[in-house]
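J.: okay, here's the prediction I keep looking at, along with the sequence it came from:
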Amino acid sequence: MDEAEFMRGRVYGAEHGDPGPRTGRAYAQLVGGPLDGLLLDVTGTFGTGVPESVALPTEIGRYGPGGRAVYAPRPTDGRRFDWQGDIR
């Protein structure tokens, strides 16, 4: 996948009317699970480094409303976060 194709995705948490990536922002692609294919805006979010994992609220995971999908950065590619499972 080239850079242009990567940036065509929808951004997690973005407004429905403007779901695409924005210039000057950094994104990681969510891989697997209920949020597969969405982009996560990671611009300035992690300060001292990339977290071990992130728990993202979603209504379409195993636990429905109130549930979270857990994603962790891929060790070989920090631009991709792999699904680890769902939590309440």
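T.: In hand now; what should we look at? Residues are numbered from 1 along each chain as shown.
J.: and the closest residue to Gly33 other than its chain neighbours, what pLDDT?
T.: In space, and not counting its chain neighbours, Gly33 is closest to Trp83: 3.0 Å by C-beta to C-beta, 6 or more residues apart in numbering. For every residue, glycine as well, the C-beta is placed using N, CA and C. We have a pLDDT of 98 for Trp83.
J.: quick one: low-confidence ranges for this protein?
T.: Applying pLDDT under 70 to the chain picks out residues 1-8, 46-48.
J.: phi first, then psi, for Arg74.
T.: The phi/psi pair for Arg74 (degrees, to the nearest 10) reads phi -70, psi 130.
J.: is it true that Pro57 touches Arg68?
T.: Yes - with contacts counted by C-beta atoms under 8 Å, Pro57 reaches Arg68, the gap being 5.5 Å.
J.: which elements pack onto the helix or strand encompassing the residue nearest to Gly33?
T.: Counting by DSSP states H and E, the secondary-structure element that holds Trp83 is strand 77-87. Packing partners of strand 77-87 (3 or more C-beta pairs under 8 Å, 6 or more residues apart in numbering; DSSP states H and E): strand 27-31, strand 68-74.
J.: give the closest residue to Gly85 in space, chain neighbours not counted.
T.: Using C-beta to C-beta, 6+ apart, the closest residue to Gly85 is Val70 (5.6 Å).
J.: how about Gly66, nearest residue that isn't a chain neighbour?
T.: What sits nearest to Gly66 in space, not counting adjacent residues and going by C-beta to C-beta, 6+ apart, is Arg88, at 6.6 Å.
J.: also Val11?
T.: Leu39 (4.8 Å).
J.: hmm, who's touching stretch 30-45?
T.: Contact with stretch 30-45 is made by 7, 9-13, 21, 24-29, 54, 56, 58, 60-62, 69, 71, 74, 80-83, 85-86, as judged by C-beta atoms under 8 Å, 6 or more residues apart in numbering.
J.: alright, calling it a day.
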